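*Asks:* Sequence and computational prediction follow.
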Amino acid sequence: MARLALLGFNDGQMQATGDLAVIVNKTNAVQKLSSRDLRSIFLGEKDNWSDGTKIFAVSLPVERPETRAVLRKICGMSESDFTRFFLMMNFQGKSVSPPRMVRTSSAVRAFVASTPGAVGVIRVQDVDPTVRVMYLDGIGPGAPGYKLGSTQ
């Protein structure tokens, strides 16, 4: 539980191992993130934080359960919908890019830790003190009503 305290959560939070955590670089000045904002970030529609810092979204591959959960619960899409969305945007001449894809949760965490403006989603148990966990719609992992809860 000491690890949870280091991350800014109390003993009653972040205990559900199926929960996902939205992580940002520790220098990120943004304190609140809505589901709508996260959706816009993952769909490449929002490319700057409110302080003007460029956003760098990073994700696990779409076939991973963590990414499928974000697509389903936050974007309201399937894997094929997500792929089609970016093809359609490209076809329409709109400059939107999908999140950078990396193979492992540790690679997501390392990218976020080393890149100001970066944001990613990983399993709660993969979080460490090198990144900051964001509350989503004012609710943290492990709390009732958390949108990225229990991906198992």
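*Replies:* Thanks, I have the structure now.

*Asks:* Quick check: mean pLDDT of the longest helix seen in the chain?
*Replies:* What stands out as the longest helix in the chain, according to DSSP state H, is helix 79-91. The average pLDDT for helix 79-91 rounds to 92.

*Asks:* Am I right that R72 is in contact with E79?
*Replies:* No - if you go by CB atoms under 8 Å, R72 and E79 don't touch, sitting 9.3 Å apart. Every residue, glycine included, has its C-beta placed from N, CA and C.

*Asks:* Pairing partners for the helix or strand following the longest helix of the chain, with directions?
*Replies:* Beyond helix 79-91 on the C-terminal side, the first helix or strand identified by DSSP states H and E is strand 100-101. Partners of strand 100-101 in the sheet, by DSSP bridges, are strand 56-59 (parallel).

*Asks:* Touching, S50 and V30? I think so.
*Replies:* Yes - with contact defined as CB under 8 Å, S50 reaches V30; the gap is 6.0 Å.

*Asks:* quick one: contacts for S95?
*Replies:* For S95, no residue meets the contact criterion (CB atoms under 8 Å, 6 or more residues apart in numbering).

*Asks:* Recalculate using a threshold of 10 Å.
*Replies:* Each residue near S95 by CB atoms under 10 Å, 6 or more residues apart in numbering is listed here: G44, D47, M89.
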